[in-house]
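Undergrad: this one's sequence-less:
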């Protein structure tokens, strides 16, 4: 890899990237980017470097990784767009790529919409330069192809399809907010998938984002590498909005602090939040999962309990969970998930059929949309009763089931990921709330926790006969009665 011009030269030249990161208000971000390329810093830039990284001297060599955590409106996106443009257009990777091989400059965003926004930043950096826009030979909705054999791509945060290409640079946008129904740790899985693609090109890994809770890949990099204790080849910078961009009015930040100090601490002051914890640790949830148990058919003489989380069919899943109690162990038997878009009436009919297969004629459920779940389930012969407790209380009361391994869960990845992803927040008044993270879901987790608690409460619902089981046509047994752990448990009734 050989720079055709230095990053400093490109940022100062109006014909290159001088129109992207110019002016004194962008000096802090420029300082970190220049240091990441091993370029020397002047006194003013070195002052920013020390404040934002906790390190006395800049590395003086090209970094392997750089992780920048800053408050909102800090100029992170435009800074990374300039860096990707520099790497793709003004660095020569021909000695690292085989003849005919395309080098990929990849930007990964939280979702497809955000990826498109980031691509527009990159397009703006290219189009404002009379020299760089001549390199463009093709554009698609998600990529820009250059005449030097490099292609700039943007993708949503999904680990699938990332293995194989040779990456000259990878930038991950808002990594602290990546969420996936397919993975409890999409940030780690994506980074692990792309790192081998950087080896042969000596490409760099950059992550940017606003700080969030003290978990995940971003926080682990901060905890390990911020300050002088960190690896010199791994840069971690963290700062408040106005440390990166002094044009943001202080009164905007002051009002945000007045409204919600804890949120503003991360959003504007650039600190990881102290008021958000995981609802349950990963190892606790996984210890309750019975591997390769996907569903338990109805069994004669067993009392079943059901809980549903309705949905209107346009955005959220509609879910149903059925459980029973074996001695003092809550056993999850069945999970049904309807993905939008769907007809709520058709899903109610399907759920009603499943409930009857387990000998149930009633189901408790989340308080949702007034009377329509009651009316629709009644139409299909099922009595729908709204749970007396709110969702947060259901989650709280289910904690002893998981922490003491007094429940047995199905091998259901979405359930596991949703339980692990739930966040516990403490308000200024000291009250706890438990909910899914921004952009996440908890439909399956809600119905399962509700069903497990109902089973532990021990109220008699129905005993299906063997004939009912036979008529239900359920799949063959995957479960032997009596194989669960047996411990005492005291659960607050619903």
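TA: Great, that's in hand. Since this is a predicted model, take the numbers as computed values, not measurements.

Undergrad: which residues are in contact with the one residue sitting closest to the centre of the chain?
TA: Here the mean C-alpha position of the chain is nearest to the C-alpha of residue 179 (Cα atoms, centre = their mean), at a distance of 1.9 Å. Contact analysis of residue 179 by Cβ atoms under 8 Å, 6 or more residues apart in numbering lists 110, 186, 421, 437-440. Any C-beta I mention is one placed from the backbone N, CA and C, and that applies to glycine too.

Undergrad: just the element for residue 395, please.
TA: With the criterion set as DSSP states H and E, the secondary-structure element containing residue 395 is helix 391-403.

Undergrad: and the contacts of that helix?
TA: Taking Cβ under 8 Å, 6+ apart as the criterion, the residues outside helix 391-403 that touch it are 279-280, 284-285, 288, 330, 366, 387, 389, 406-407, 419, 422, 432-435, 442, 445-446, 449-450, 452-453, 456, 489-492.

Undergrad: now render the contacts of residue 179 as JSON lines, adding secondary structure.
TA: Conversion of these to JSON lines gives the following (DSSP: H, G, I helix; E, B strand; the rest coil):
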{"residue": "110", "secondary structure": "coil"}
{"residue": "186", "secondary structure": "helix"}
{"residue": "421", "secondary structure": "helix"}
{"residue": "437", "secondary structure": "coil"}
{"residue": "438", "secondary structure": "coil"}
{"residue": "439", "secondary structure": "coil"}
{"residue": "440", "secondary structure": "coil"}
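
Undergrad: between those, which is closest to residue 259?
TA: Top of the list for closeness to residue 259, among the contacts of residue 179 and by Cβ to Cβ, is residue 438 at 16.7 Å.

Undergrad: now do the helix or strand where residue 451 lies against helix 391-403, angle only.
TA: Counting by DSSP H and E, the element that carries residue 451 is helix 443-457. Between the direction of helix 443-457 and that of helix 391-403, the angle (axes from the mean of the first three to the mean of the last three Cα atoms, to 10 degrees) works out to 70 degrees.

Undergrad: what residues sit buried inside helix 443-457?
TA: Within helix 443-457, the residues that qualify as buried by neighbour count (16 or more other Cβ atoms under 10 Å) are 443-456.

Undergrad: show me what that helix is packed up against.
TA: Contact here means 3 or more Cβ pairs under 8 Å, 6 or more residues apart in numbering; DSSP states H and E; on that basis helix 443-457 packs against strand 304-309, strand 318-326, strand 329-338, strand 362-365, helix 391-403, helix 413-421.

Undergrad: quick one: mean pLDDT for that helix?
TA: Mean pLDDT, computed over helix 443-457, is 94.

Undergrad: ok, stretch 11-21 next?
TA: Averaging the model's pLDDT scores along stretch 11-21 yields 88.

Undergrad: cool, stretch 302-314 as well?
TA: Regarding stretch 302-314, the rounded mean pLDDT is 90.

Undergrad: in the sheet, who's paired with residue 305?
TA: Judged by DSSP bridges, the bridge partners of residue 305 are residue 323.

Undergrad: where does the stretch 201-350 of the chain have low pLDDT?
TA: Applying pLDDT under 70 to the stretch 201-350 of the chain flags the ranges 275.

Undergrad: now the strands for the stretch 201-350 of the chain?
TA: In the stretch 201-350 of the chain, strands defined by DSSP state E, counting those that start in this stretch lie at 204-209, 234-239, 276-278, 304-309, 318-326, 329-338, listed in chain order.

Undergrad: same deal with the stretch 1-150 of the chain?
TA: 2-3, 65-70, 91-92, 103-109, 136-139, 143-146, 150-156.

Undergrad: for residue 17, see how far away the residue nearest to the centre of the chain is.
TA: Residue 179 is 33 Å from residue 17, where distance means Cβ to Cβ, to the nearest Å.

Undergrad: just checking, next helix/strand downstream of the helix holding residue 395?
TA: For helix 391-403, the succeeding helix or strand toward the C-terminus, using DSSP H and E, is strand 407-408.

Undergrad: give the pairing partners of that next one; include direction for each.
TA: As defined by DSSP bridges, the strand partners of strand 407-408 come to strand 329-338 (parallel).

Undergrad: touching, residue 328 and residue 406? I think so.
TA: Yes - checked against Cβ atoms under 8 Å, the pair residue 328 and residue 406 is within contact range at 6.7 Å.

Undergrad: neighbours of residue 420, how many?
TA: Per other Cβ atoms under 10 Å, the neighbour tally for residue 420 reads 20.

Undergrad: can you check residue 259 too?
TA: Residue 259 - counted by other Cβ under 10 Å - has 9 other residues nearby.

Undergrad: could you check the angle the helix holding residue 451 makes with strand 304-309?
TA: With the same axes, to 10 degrees defining the directions, helix 443-457 sits at 150 degrees from strand 304-309.

Undergrad: show me what contacts residue 244?
TA: The neighbourhood of residue 244, defined by Cβ under 8 Å, 6+ apart, consists of 28-29, 52, 70-71, 74-76.

Undergrad: so how far is residue 74 from the nearest residue to residue 390 once chain neighbours are set aside?
TA: The shortest distance from residue 390 to any residue that is not its chain neighbour, by Cβ to Cβ, 6 or more residues apart in numbering, is 7.8 Å, and that residue is residue 367. Using Cβ to Cβ, we find residue 367 at a distance of 40 Å from residue 74.

Undergrad: these two: who's more crowded?
TA: Between residue 367 and residue 74, counted using other Cβ under 10 Å, the more crowded position is residue 74 (26 against 13).

Undergrad: and the more buried one, what are its phi and psi?
TA: In terms of degrees, to the nearest 10, the main-chain angles of residue 74 are phi -90, psi -10.

Undergrad: just grab the bridge partners of residue 425 for me.
TA: The bridge-partner assignment for residue 425, based on DSSP bridges, gives residue 276, residue 433.

Undergrad: and it, what's its pLDDT?
TA: You'll see residue 425 listed with a pLDDT of 77.

Undergrad: is it true that it touches residue 436?
TA: No - proximity of residue 425 to residue 436 does not meet the contact threshold set by Cβ under 8 Å, at 11.4 Å.

Undergrad: apart from its chain neighbours, what residue comes closest to residue 104?
TA: With Cβ to Cβ, 6+ apart, the residue lying closest to residue 104 is residue 165, at 4.7 Å.

Undergrad: ok, the one you found to residue 156 distance?
TA: Residue 165 sits 16 Å away from residue 156, going by Cβ to Cβ.

Undergrad: try residue 47
TA: Taking Cβ to Cβ as the measure, residue 47 falls 37 Å from residue 156.

Undergrad: list the contacts for residue 271?
TA: Contact criterion Cβ under 8 Å, 6+ apart gives 211, 238, 265 as the residues in contact with residue 271.

Undergrad: again, only this time at 10 Å
TA: Remark: with contacts taken as Cβ atoms under 10 Å, 6 or more residues apart in numbering, residue 271 is in contact with 69, 71, 211, 214, 238-240, 262, 264-265.

Undergrad: so which of those residues comes closest to residue 169?
TA: The closest of those, once distances to residue 169 are taken by Cβ to Cβ, is residue 69, at 18.9 Å.

Undergrad: model confidence for that closest one, exactly?
TA: With respect to pLDDT, residue 69 has a value of 95.

Undergrad: neighbours of it, how many?
TA: Burial of residue 69 is recorded as 28 neighbouring residues (other Cβ under 10 Å).

Undergrad: try the one 4 residues further on
TA: The burial metric for residue 73, expressed as a neighbour count using other Cβ under 10 Å, is 18.

Undergrad: just to check, it is in contact with residue 252?
TA: Yes - in this structure, residue 73 is within contact of residue 252 by Cβ atoms under 10 Å, at 8.7 Å.
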